[in-house]
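**Q** Fold the stuff below for me.
(one chain, ligands or ions: 1)
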Amino acid sequence: MADSNHQIQQTQKLIPQILAIGHPSFFKFFSSQYIKNYNFINPWGSPLPLDQFLTTHNTEPSAIRAIVCTGIHPVTTDVLRLLPSVELVVSTTAGLDHIDLIECRRRSIQVSGVGGLYSEDVADMGVGLLIDVMRKISAGDRYVTERVKSGPWHFSFGSKLGGKRVGIVGLGRIGLEVAKRLEAFGCIILYHSKKEKQFVSYPFYSNVVELAAKSNALVICCALTEQTLHLINKEVMLALGKEGILVNIGRGALIDENEMVRCLMEGEIGGAGLDVFENEPHVPKELVALDNVVLSPHASVFTSESEMALSDLVAENLEAFFSNKPLITPVRDN
Ligand SMILES: O=CC(=O)O
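**A** A predicted model of the protein is given here:
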């Protein structure tokens with residue numbers, strides 16, 4: 001018995017202990033490929049506070065040098081404080097609003113993100129939602145399957161995508177992919193970003209209200225920060241106007257959701273395609289009833305291909321860190 005305890009302790013020393021913060025499905029998939037390399041300690045679903053959880057699982061907090069997080073639970077200063085030896089936070093998400101980056105910087109904790117891993121998938125979803133709202137694909141599906149099964153069909157017209165002016169809010173990796181796709185559909189691209197990008201010729205608007213006033217649709221794909229919280233407020237929505245469409249593939253709180261619901265109910269904007277919500281998984285019930293709104297369960301990053309690539313990328317970042325090499329996809333400015 002003593003021997004086997006000793007063996008377990010030795011193994012724990014050799015296999016890095018990693019705190020897994022997030023839904024177990026990713027860790028299950030990841031472990032199916034990299035089970036031998038890492039020992040994941042996942043407090044998901046435990047009612048215990050993290051410190052008690054670690055004690056109960058015989059884990060010495062100072063043995064944990066890395067965290068992998070999937071964005072469902074925040075990596076706060078309090079979490080980091082419990083782990084005095086953490087030197088790396090690996091995020092499986094494009095958005096990093098769940099990580100206290102300031103505390104990481106203060107403690108010189110490295111952070112890795114996903115680079116451009118999801119950009120195409122998220123952009124596809126953004127364009128898909130826009131087309132769906134404009135051409136009423138989901139509304140048409142409900143019309144055919146739930147309402148008028150036997151005809152005759154009298155379904156209201158949608159609107160043409162080609163020629164529309166689309167304002168992209170956040171011209172980062174995802175925004176650029178959205179722009180590329182919509183240009184191919186014949187749309188005119190305008191944008192708002194933290195800074196003007198010299199490498200594109202699209203018109204830049206430092207003011208989102210002005211961008212909205214010049215756009216038929218806004219596609220929101222910027223990061224959620226203190227500065228961008230409720231960036232899309234009543235003024236922006238009124239400027240977008242009664243025919244205007246909002247697509248959100250960023251984070252729910254980028255839009256003032258109560259105001260958006262009111263604008264949709266009162267016809268102040270024309271429609272919305274939403275992959276994200278302010279208090280997920282809560283979705284305002286008013287949205288469910290509207291035919292000019294298309295809802296998606298925060299799914300833009302999820303494809304079988306991206307899951308596979310993500311798993312490899314997380315492993316590569318962990319491997320780089322544990323071999324004292326530079327991270328593959330470090331978060332800049334951290
Ligand atoms: O929303 C998903 C992500 O940020 O990766």
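
**Q** residues contacting the residue lying closest to residue 200 once chain neighbours are set aside?
**A** Of all residues not flanking residue 200 in the chain, residue 171 sits nearest, at 7.0 Å (Cβ to Cβ, 6 or more residues apart in numbering). From N, CA and C alone the C-beta is placed, and that goes for glycine too. Residue 171 makes contact with 179, 191-193, 197, 200, 202 under the criterion Cβ atoms under 8 Å, 6 or more residues apart in numbering.

**Q** By neighbour count, which of these wins?
**A** Highest neighbour count within the contacts of residue 171: residue 192, with 26 neighbours (other Cβ atoms under 10 Å).

**Q** per-residue pLDDT, it?
**A** Here the pLDDT value assigned to residue 192 is 98.

**Q** how near is it to the ligand?
**A** Remark: distance between residue 192 and the ligand (Cβ to the nearest ligand atom, to the nearest Å) = 20 Å.

**Q** Can you verify my assumption that that residue contacts residue 202?
**A** No. Contact criterion Cβ atoms under 8 Å: residue 192 and residue 202 do not qualify, at 10.4 Å.

**Q** Mind listing the shared neighbours of the two?
**A** 168, 171.

**Q** quick check, the residue nearest to residue 200 in a helix?
**A** No. Checked against DSSP: H, G, I helix; E, B strand; the rest coil, residue 171 lies outside a helix; its state is coil.

**Q** those helices in the stretch 1-150 of the chain, which residues are they?
**A** Counting by DSSP state H, counting those that start in this stretch, the stretch 1-150 of the chain has helices at residues 2-14, 24-34, 50-56, 77-81, 101-106, 119-135, 137-142.

**Q** Buried deepest among those helices, which one?
**A** Among the helices of the stretch 1-150 of the chain, ranked by average contacts under mean count of other Cβ atoms under 10 Å, first place goes to helix 119-135 (a mean of 22).

**Q** elements contacting that one?
**A** Judged by 3 or more Cβ pairs under 8 Å, 6 or more residues apart in numbering; DSSP states H and E, helix 119-135 is in contact with helix 173-184, strand 217-220, strand 245-248, strand 271-274, strand 293-295.

**Q** Toward the C-terminus, what is the element adjacent to the longest one?
**A** Read it as helix 173-184. Tracing the chain past helix 173-184, the next element assigned as helix or strand by DSSP states H and E is strand 188-192.

**Q** Export that next one to CSV, keeping only CA atoms.
**A** The C-alpha coordinates for strand 188-192 follow below in CSV (Å, rounded to 0.1, in the frame of the first residue of the first chain):
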residue,chain,number,x,y,z
ILE,A,188,-20.1,47.3,-49.5
ILE,A,189,-18.0,47.1,-46.3
LEU,A,190,-17.6,49.8,-43.7
TYR,A,191,-16.1,49.3,-40.3
HIS,A,192,-15.4,50.5,-36.7
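
**Q** quick one: that strand to chain centroid distance?
**A** Its chain's C-alpha centre and that of strand 188-192 lie 21 Å apart, by Cα atoms, centre = their mean, to the nearest Å.

**Q** same check, this time on stretch 236-248
**A** Centroid displacement of stretch 236-248 relative to its chain, using Cα atoms, centre = their mean, is 22 Å.

**Q** just so I know, which of the helices of the stretch 1-150 of the chain lies nearest the ligand?
**A** Comparing the helices of the stretch 1-150 of the chain by their distance to the ligand (Cβ to the nearest ligand atom), the top pick is helix 119-135, with 7.5 Å.
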